[in-house]
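Peer 1: Requesting a structural model of the entry that follows:
(one chain, ligands or ions: 2)
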Amino acid sequence: MSYNTDENCLFCKIIKGEIPSAAVYENDEVYAFRDIEPQAPQHIIIVPKTHIASTNEIDEENSKVVGAVFAAAAKIARMEGFAENGYRIVNNCGNDGGQTVGHLHFHLLAGRSLQWPPG
Ligand code: 5GP
Ligand code: ZN
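Peer 2: Numbering: from 1, shown residues only. Ligands and ions are numbered 1, 2, ... in the order given. As a prediction, this is how the structure comes out:
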């Protein structure tokens, strides 16, 4: 399967293995790895392998990857044993959303009771 890549993108480098990461799950469409600065006992980043800068770039053509991300999240939750206790999936978009890496990604957080509303 072929996908777009951006040679200056941190998560594209992680997907290609140019920057090491702790893999949790992988298939043709997505890659999941442990966040380097975990905000919960379980903090996993799930990315589409194709480079999409943010949710702003999601359209009818490429939105299938979002379903693939959520299917991976459900699988990881079962694999890691936190499906029953629950978890949170977060996508930060743009400056006000707190996005710091310009490759669409979803935070999968679990292992403690998470607060609401977020900060
Ligand atoms: P954002 O703030 O864009 O929503 O999330 C980016 C996330 O990527 C942050 O939680 C940050 O800790 C994580 N991150 C940044 N650089 C690296 C890295 O080199 N390796 C890993 N595993 N995570 C990273
Ligand atoms: Zn990228």
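
Peer 1: quick one, longest strand in this structure?
Peer 2: Counting by DSSP state E, the longest strand found in the chain is strand 42-48.

Peer 1: Send me that one as PDB with only the CA atoms.
Peer 2: Only the C-alpha atoms of strand 42-48 are listed here, as PDB (Å, rounded to 0.1, in the frame of the first residue of the first chain):
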ATOM      1  CA  GLN A  42      -1.400   4.500  29.100                       C
ATOM      2  CA  HIS A  43      -0.800   7.200  26.500                       C
ATOM      3  CA  ILE A  44      -0.600   5.900  22.900                       C
ATOM      4  CA  ILE A  45      -0.500   8.000  19.800                       C
ATOM      5  CA  ILE A  46      -2.400   6.600  16.700                       C
ATOM      6  CA  VAL A  47      -1.500   8.000  13.300                       C
ATOM      7  CA  PRO A  48      -2.600   7.300   9.800                       C
END
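
Peer 1: who does the helix or strand just after it touch, helix- and strand-wise?
Peer 2: Once strand 42-48 ends, the next helix or strand along the chain (criterion: DSSP states H and E) is helix 64-80. Judged by 3 or more C-beta pairs under 8 Å, 6 or more residues apart in numbering; DSSP states H and E, helix 64-80 is in contact with strand 23-26, strand 30-34, strand 42-48, strand 87-90, strand 106-110. All C-beta spots, glycine's among them, are computed from the backbone N, C-alpha and C.
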